[in-house]
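Asker: Fold the following and give me the result.
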Amino acid sequence: MSITFSTYAPASPWSHSADEVAAIISSIAEARWRNTLSTLSLRLLESKSVFDHLNRSGGLPGASFKNLLCMPNLEHLDLSGMPLLSIESGFNHLSKGMMALKTLFLPDDATAPGISIARLQVLAVACPDLVSLRCKLKHLSNIPEIRDLSPIPLSHTLETLSIGNADPHPDPQRVLDIARYLDFLFPQLKAIETLSGQNESQWMSIFSMLKVCQAVRSDERKRLGVGIHE
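Answerer: Below you'll find the predicted structure:
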(Lines give C-alpha, C1' and ligand atoms only; values in the text may rest on other atoms or scores of the structure.)
Protein backbone atom coordinates (compact mmCIF):
# COMPACT_ATOMS: atom_id res chain seq x y z
CA MET A 1 0.00 0.00 0.00
CA SER A 2 1.21 3.51 -0.85
CA ILE A 3 0.28 6.95 0.44
CA THR A 4 1.38 10.28 -1.02
CA PHE A 5 0.55 13.43 0.93
CA SER A 6 1.10 16.49 -1.25
CA THR A 7 0.00 20.08 -0.97
CA TYR A 8 -0.33 22.67 -3.67
CA ALA A 9 -1.41 26.29 -3.34
CA PRO A 10 -4.49 25.99 -1.11
CA ALA A 11 -7.62 28.00 -1.81
CA SER A 12 -7.54 29.37 1.73
CA PRO A 13 -4.62 29.85 4.15
CA TRP A 14 -3.36 26.62 5.71
CA SER A 15 -4.28 26.65 9.38
CA HIS A 16 -3.32 23.17 10.59
CA SER A 17 -0.44 23.03 13.03
CA ALA A 18 2.53 20.69 12.94
CA ASP A 19 0.99 18.81 15.87
CA GLU A 20 -2.17 18.17 13.85
CA VAL A 21 -0.15 16.83 10.94
CA ALA A 22 1.81 14.72 13.42
CA ALA A 23 -1.46 13.23 14.70
CA ILE A 24 -2.34 12.14 11.17
CA ILE A 25 1.05 10.55 10.71
CA SER A 26 0.80 8.81 14.09
CA SER A 27 -2.52 7.34 13.01
CA ILE A 28 -0.81 5.93 9.92
CA ALA A 29 2.32 4.70 11.67
CA GLU A 30 0.90 3.32 14.90
CA ALA A 31 -2.37 1.70 13.96
CA ARG A 32 -4.24 1.96 10.70
CA TRP A 33 -1.66 0.89 8.13
CA ARG A 34 1.28 -0.02 10.29
CA ASN A 35 1.82 -3.50 8.86
CA THR A 36 0.72 -2.93 5.26
CA LEU A 37 2.15 0.42 4.18
CA SER A 38 5.15 0.09 1.87
CA THR A 39 5.48 3.63 0.46
CA LEU A 40 4.92 6.98 2.16
CA SER A 41 5.71 10.33 0.56
CA LEU A 42 5.13 13.63 2.38
CA ARG A 43 5.57 16.48 -0.05
CA LEU A 44 4.98 20.00 1.23
CA LEU A 45 7.60 22.06 -0.56
CA GLU A 46 5.31 22.36 -3.60
CA SER A 47 3.35 24.87 -1.52
CA LYS A 48 5.78 27.25 0.16
CA SER A 49 3.03 28.82 2.27
CA VAL A 50 2.11 25.46 3.80
CA PHE A 51 5.75 24.51 4.36
CA ASP A 52 6.53 27.85 5.99
CA HIS A 53 3.46 27.63 8.23
CA LEU A 54 4.43 24.19 9.53
CA ASN A 55 8.03 25.28 9.92
CA ARG A 56 6.97 28.28 12.03
CA SER A 57 4.80 26.05 14.21
CA GLY A 58 7.81 23.94 15.09
CA GLY A 59 7.97 21.32 12.37
CA LEU A 60 7.06 17.67 12.65
CA PRO A 61 8.04 16.29 16.09
CA GLY A 62 10.91 13.84 16.26
CA ALA A 63 8.56 11.24 17.77
CA SER A 64 6.57 11.15 14.54
CA PHE A 65 9.73 10.50 12.55
CA LYS A 66 10.65 7.72 14.98
CA ASN A 67 7.20 6.13 14.56
CA LEU A 68 7.62 6.06 10.79
CA LEU A 69 11.02 4.40 11.05
CA CYS A 70 9.45 1.65 13.18
CA MET A 71 6.97 0.55 10.49
CA PRO A 72 8.03 -3.03 9.71
CA ASN A 73 7.23 -3.20 5.99
CA LEU A 74 7.90 0.37 4.88
CA GLU A 75 10.25 0.27 1.89
CA HIS A 76 10.08 3.81 0.53
CA LEU A 77 9.94 6.88 2.78
CA ASP A 78 10.16 10.40 1.34
CA LEU A 79 10.26 13.22 3.88
CA SER A 80 12.34 15.56 1.76
CA GLY A 81 9.56 18.14 1.65
CA MET A 82 8.54 17.96 5.31
CA PRO A 83 9.90 20.31 8.01
CA LEU A 84 11.16 18.17 10.89
CA LEU A 85 11.79 19.48 14.37
CA SER A 86 14.38 16.79 15.01
CA ILE A 87 15.98 14.05 12.94
CA GLU A 88 18.79 12.80 15.17
CA SER A 89 16.48 11.50 17.91
CA GLY A 90 14.72 9.21 15.45
CA PHE A 91 17.90 7.17 15.00
CA ASN A 92 18.48 6.44 18.68
CA HIS A 93 16.33 3.32 18.78
CA LEU A 94 17.51 1.69 15.55
CA SER A 95 19.12 -1.74 15.67
CA LYS A 96 20.75 -4.10 13.20
CA GLY A 97 18.59 -5.03 10.23
CA MET A 98 15.36 -3.75 11.77
CA MET A 99 14.20 -1.74 8.73
CA ALA A 100 13.05 -2.86 5.29
CA LEU A 101 13.71 0.54 3.72
CA LYS A 102 15.04 0.63 0.18
CA THR A 103 14.77 4.39 -0.31
CA LEU A 104 14.95 7.09 2.37
CA PHE A 105 14.75 10.79 1.53
CA LEU A 106 15.23 13.08 4.52
CA PRO A 107 14.62 16.85 4.59
CA ASP A 108 17.37 18.65 2.70
CA ASP A 109 16.23 22.27 2.28
CA ALA A 110 18.12 25.23 3.75
CA THR A 111 16.15 25.10 7.02
CA ALA A 112 16.50 21.35 7.58
CA PRO A 113 18.43 20.45 10.76
CA GLY A 114 20.56 17.80 9.06
CA ILE A 115 22.24 14.77 10.62
CA SER A 116 25.75 14.07 11.82
CA ILE A 117 27.94 12.08 9.47
CA ALA A 118 28.28 9.36 12.12
CA ARG A 119 24.56 8.61 11.70
CA LEU A 120 25.30 7.14 8.30
CA GLN A 121 26.76 4.11 10.05
CA VAL A 122 23.54 3.71 12.05
CA LEU A 123 21.55 3.71 8.81
CA ALA A 124 23.97 1.28 7.16
CA VAL A 125 23.48 -1.22 9.98
CA ALA A 126 19.73 -0.74 10.43
CA CYS A 127 18.89 -0.64 6.70
CA PRO A 128 20.91 -3.36 4.93
CA ASP A 129 18.65 -3.21 1.85
CA LEU A 130 18.85 0.55 1.34
CA VAL A 131 19.46 1.44 -2.31
CA SER A 132 18.98 5.20 -2.36
CA LEU A 133 19.56 7.71 0.46
CA ARG A 134 19.01 11.47 0.37
CA CYS A 135 20.10 13.56 3.36
CA LYS A 136 21.71 16.77 4.51
CA LEU A 137 24.66 16.75 6.91
CA LYS A 138 25.20 19.25 9.70
CA HIS A 139 28.90 19.57 8.93
CA LEU A 140 31.96 17.56 7.87
CA SER A 141 33.59 17.36 11.29
CA ASN A 142 33.91 14.39 13.64
CA ILE A 143 34.44 11.68 11.04
CA PRO A 144 34.44 8.30 12.84
CA GLU A 145 37.72 6.39 12.77
CA ILE A 146 37.33 3.30 10.62
CA ARG A 147 39.32 1.20 13.10
CA ASP A 148 36.64 1.95 15.72
CA LEU A 149 33.66 0.94 13.55
CA SER A 150 31.83 -2.36 13.64
CA PRO A 151 32.35 -4.40 10.46
CA ILE A 152 29.87 -3.59 7.68
CA PRO A 153 29.10 -6.41 5.19
CA LEU A 154 30.45 -5.87 1.68
CA SER A 155 26.97 -6.78 0.51
CA HIS A 156 25.37 -3.49 1.58
CA THR A 157 23.18 -2.43 -1.33
CA LEU A 158 23.32 1.39 -1.30
CA GLU A 159 23.95 2.62 -4.85
CA THR A 160 22.93 6.30 -4.81
CA LEU A 161 23.73 8.86 -2.13
CA SER A 162 22.25 12.33 -2.54
CA ILE A 163 24.00 14.48 0.00
CA GLY A 164 25.29 17.91 0.90
CA ASN A 165 26.15 20.30 3.72
CA ALA A 166 26.33 24.04 4.15
CA ASP A 167 30.06 24.77 4.09
CA PRO A 168 33.21 23.11 2.70
CA HIS A 169 35.76 21.84 5.19
CA PRO A 170 39.05 23.76 5.04
CA ASP A 171 41.27 20.68 5.55
CA PRO A 172 42.03 18.89 2.23
CA GLN A 173 42.65 15.65 4.17
CA ARG A 174 38.94 15.62 5.06
CA VAL A 175 38.05 14.70 1.46
CA LEU A 176 40.03 11.45 1.76
CA ASP A 177 38.73 10.73 5.27
CA ILE A 178 35.10 11.02 4.18
CA ALA A 179 35.69 9.00 1.01
CA ARG A 180 37.26 6.15 3.01
CA TYR A 181 34.40 6.28 5.54
CA LEU A 182 31.71 6.13 2.84
CA ASP A 183 33.52 3.33 1.00
CA PHE A 184 33.68 1.36 4.24
CA LEU A 185 29.94 1.79 4.85
CA PHE A 186 28.65 1.54 1.29
CA PRO A 187 31.06 -0.53 -0.83
CA GLN A 188 28.63 -0.80 -3.77
CA LEU A 189 28.01 2.94 -4.07
CA LYS A 190 27.71 3.97 -7.72
CA ALA A 191 26.80 7.65 -7.53
CA ILE A 192 26.98 10.63 -5.23
CA GLU A 193 24.46 13.28 -6.22
CA THR A 194 24.92 16.75 -4.79
CA LEU A 195 22.23 18.97 -3.32
CA SER A 196 21.87 22.35 -4.97
CA GLY A 197 23.90 25.04 -3.24
CA GLN A 198 25.23 22.67 -0.58
CA ASN A 199 28.99 22.31 -0.97
CA GLU A 200 28.66 20.68 -4.38
CA SER A 201 32.30 21.07 -5.45
CA GLN A 202 33.76 19.39 -2.36
CA TRP A 203 31.28 16.53 -2.58
CA MET A 204 32.29 15.89 -6.18
CA SER A 205 35.90 15.71 -4.98
CA ILE A 206 34.83 13.24 -2.29
CA PHE A 207 33.12 11.08 -4.91
CA SER A 208 36.23 11.13 -7.10
CA MET A 209 38.34 9.99 -4.15
CA LEU A 210 35.78 7.33 -3.25
CA LYS A 211 36.09 5.84 -6.75
CA VAL A 212 39.85 5.64 -6.17
CA CYS A 213 39.17 3.73 -2.93
CA GLN A 214 36.90 1.33 -4.82
CA ALA A 215 39.51 0.77 -7.51
CA VAL A 216 42.24 0.06 -4.96
CA ARG A 217 39.96 -2.39 -3.14
CA SER A 218 39.10 -4.13 -6.42
CA ASP A 219 42.77 -4.39 -7.41
CA GLU A 220 43.66 -5.85 -4.02
CA ARG A 221 40.92 -8.48 -4.26
CA LYS A 222 42.21 -9.48 -7.70
CA ARG A 223 45.77 -9.62 -6.41
CA LEU A 224 44.66 -11.97 -3.65
CA GLY A 225 42.47 -14.00 -6.00
CA VAL A 226 39.32 -13.17 -4.07
CA GLY A 227 36.18 -13.62 -6.16
CA ILE A 228 38.09 -14.85 -9.20
CA HIS A 229 36.88 -18.14 -10.70
CA GLU A 230 38.94 -19.94 -13.29
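
Asker: May I see the domains of this structure written out as residue ranges?
Answerer: 1-113, 142-230 (automatic domain parsing).

Asker: What is the three-state secondary structure of residue 79?
Answerer: Of the three states, residue 79 takes strand under DSSP: H, G, I helix; E, B strand; the rest coil.

Asker: tally of neighbours for it?
Answerer: 25 (other Cβ atoms under 10 Å). All C-beta atoms are positioned from the backbone trio N, CA, C, and that covers glycine.

Asker: ditto for residue 95
Answerer: Neighbour tally, residue 95, other Cβ under 10 Å: 9.

Asker: again, but for residue 36
Answerer: Residue 36, neighbours per other Cβ under 10 Å, totals 11.

Asker: my read: it touches residue 73, true?
Answerer: Yes. Contact criterion Cβ atoms under 8 Å: residue 36 and residue 73 qualify, at 6.8 Å.

Asker: Among the domains of the chain, show the one with the smallest mean pLDDT.
Answerer: Mean pLDDT is lowest for domain 1-113 among the domains of the chain, at a mean of 70.

Asker: what's the overlap in contacts for residue 36 and residue 73?
Answerer: When contacts are counted by Cβ atoms under 8 Å, 6 or more residues apart in numbering, the set common to residue 36 and residue 73 is empty.

Asker: Just the residues contacting the longest helix seen in the chain, thanks.
Answerer: When the chain is parsed with DSSP state H, its longest helix is helix 200-223. With contacts defined as Cβ under 8 Å, 6+ apart, helix 200-223 is touched by 140, 163-164, 168-169, 175-176, 178-180, 182-183, 187, 189, 191-192, 194, 227-228.

Asker: one more time with 7 Å, if that's ok
Answerer: 163-164, 168-169, 175-176, 178-180, 182-183, 189, 192, 194, 227-228 (Cβ atoms under 7 Å, 6 or more residues apart in numbering).

Asker: ok, now stretch 115-122?
Answerer: So stretch 115-122 is in contact with 87-88, 91, 94, 135, 137-138, 140, 142-144, 149, 185, going by Cβ under 7 Å, 6+ apart.

Asker: Repeat the analysis, applying 6 Å as the threshold.
Answerer: Residues from elsewhere that reach stretch 115-122 (Cβ atoms under 6 Å, 6 or more residues apart in numbering): 87, 91, 94, 135, 137, 138, 144, 185.
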